[in-house]
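Novice: Sharing a sequence plus its predicted fold:
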Amino acid sequence: MKYDIASKVVMEKGKEAILRRFLNMETSSVEIIEQLPEETVSLRRSDFPLYVTLKDNSELIVLTEIQTDFSQDFVLRLIEYTVRYKLKYHLEVIPFVLVLHPSPLATGIYRDSVLTFNYRVFRFWEEKSEDFIDEMQLYPFLPLMQGGESILPEIDKKIYDSTELNSEEKSDLLTAMAIFTGFRNKELAAQLIRRRRDIMMQSPAYEILIEEIEKEALEKGMQQGMQQGMQQGRKQGFQQSLIEALEFRFETIPARLIKMIDDITDAEILRILHRHAIRCKSIQEFEDKMKLMLET
């Protein structure tokens, strides 16, 4: 879910830059094609089918797919998408895959005893982030590239300080960048969220990101408790999950707060406090909510 929403943000904001820099296409217009009229919930569809008009007025379809993990079954589905759009529009169709995780299968060609199928592929791990630092709309992808993690503070500051972007655009790009950064380095993603939380909270994608973090942390806490096999273990699992959530959000946790959490014996209270830890804007706000809960 996290990568889906991040991909959607980048495609909506930076589709022209993606085509220009990743496929060397000079476009005059690019539109995301909505659901095909005959399409039903039983039929698969491409992630981001783009109707592209080039500078010379020629038209084509670019089927843009963003894959975290690559497989041959995915390529077969890509063949299906390509044929369907070819039949629908009778235009040149270019299948194009952005691959997030290194895979030897992402070769750009599929062959078996019947089919030979060519597709375009962009392998983030092979690219240098410095080559795309002039394209702000592509910044969310840069942490996936070589050297991307080291320039993260620089590029997040450029987004934050930009006079060309409005606050909504800044919040969307920063949130998408945090999501893709977490794909490679969760601690760097946490630092980015702490640094830019004030503006990232304006993005609908931020709410989804926080819900995903909350879900992962809760599942981790429950698993820790189940592994220990006792109610006491479940409580300890929630305590640890709560402290980790606070460290993720605010980095430094006062010792008095950790002691207060250690003294809580009710697993349900710990679960509710975990939700507050994810959503509170400051450590003081969380502490106030915790004291209120413990007093009632």
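Specialist: Yes, it's here. Numbering: from 1, shown residues only.

Novice: So Leu60 lies in a helix, does it not?
Specialist: No - per DSSP: H, G, I helix; E, B strand; the rest coil, Leu60 lies outside any helix segment and is strand.

Novice: so what pLDDT did Ile208 get?
Specialist: What the model reports for Ile208 is a pLDDT of 66.

Novice: Measure how far stretch 252-262 is from the centre of its chain, please.
Specialist: 31 Å (C-alpha atoms, centre = their mean, to the nearest Å).

Novice: buried stuff in that stretch?
Specialist: Going by neighbour count (16 or more other C-beta atoms under 10 Å), the buried part of stretch 252-262 is Ile253, Leu257, Ile261. Bear in mind the C-beta positions are built from the backbone N, C-alpha and C, glycine included.

Novice: Inside helices: which ones of these?
Specialist: Using DSSP state H, Leu257, Ile261 are the members of the buried residues of stretch 252-262 that sit in helices.

Novice: Turn the buried residues of stretch 252-262 into TSV, including pLDDT and distance to Ser113.
Specialist: As requested, those are arranged in TSV below (pLDDT from 0 to 100; distance: C-beta to C-beta, whole Å):
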residue	pLDDT	distance to Ser113
Ile253	84	60
Leu257	86	64
Ile261	85	61
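
Novice: in the stretch 151-296 of the chain, which spans are helices?
Specialist: With DSSP state H, counting those that start in this stretch applied, the stretch 151-296 of the chain shows helices at 152-161, 167-184, 186-200, 204-228, 231-250, 255-262, 267-279, 283-295, listed in chain order.

Novice: just how off-centre is the second one within its chain?
Specialist: What that stands for is helix 167-184. The chain centroid and the centroid of helix 167-184 are separated by 7 Å under C-alpha atoms, centre = their mean.

Novice: Can you check what angle separates that helix from helix 152-161?
Specialist: Helix 167-184 runs at 160 degrees relative to helix 152-161, counting by axes from the mean of the first three to the mean of the last three C-alpha atoms, to 10 degrees.

Novice: Restricting to C-alpha, output helix 167-184 in PDB.
Specialist: The C-alpha atoms that make up helix 167-184 are tabulated as PDB, following Å, rounded to 0.1, in the frame of the first residue of the first chain:
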ATOM      1  CA  SER A 167       2.400  23.500   0.200                       C
ATOM      2  CA  GLU A 168       0.300  20.600  -1.100                       C
ATOM      3  CA  GLU A 169       3.000  19.700  -3.700                       C
ATOM      4  CA  LYS A 170       5.700  19.900  -1.100                       C
ATOM      5  CA  SER A 171       3.900  17.700   1.300                       C
ATOM      6  CA  ASP A 172       3.100  15.100  -1.400                       C
ATOM      7  CA  LEU A 173       6.700  14.900  -2.700                       C
ATOM      8  CA  LEU A 174       8.200  14.800   0.800                       C
ATOM      9  CA  THR A 175       5.800  12.000   1.900                       C
ATOM     10  CA  ALA A 176       6.500  10.000  -1.200                       C
ATOM     11  CA  MET A 177      10.200  10.500  -0.700                       C
ATOM     12  CA  ALA A 178       9.900   9.200   2.900                       C
ATOM     13  CA  ILE A 179       8.100   6.100   1.700                       C
ATOM     14  CA  PHE A 180      10.700   5.300  -0.900                       C
ATOM     15  CA  THR A 181      13.600   6.100   1.500                       C
ATOM     16  CA  GLY A 182      12.100   3.600   3.900                       C
ATOM     17  CA  PHE A 183      12.400   0.900   1.200                       C
ATOM     18  CA  ARG A 184      16.200   1.200   1.500                       C
END
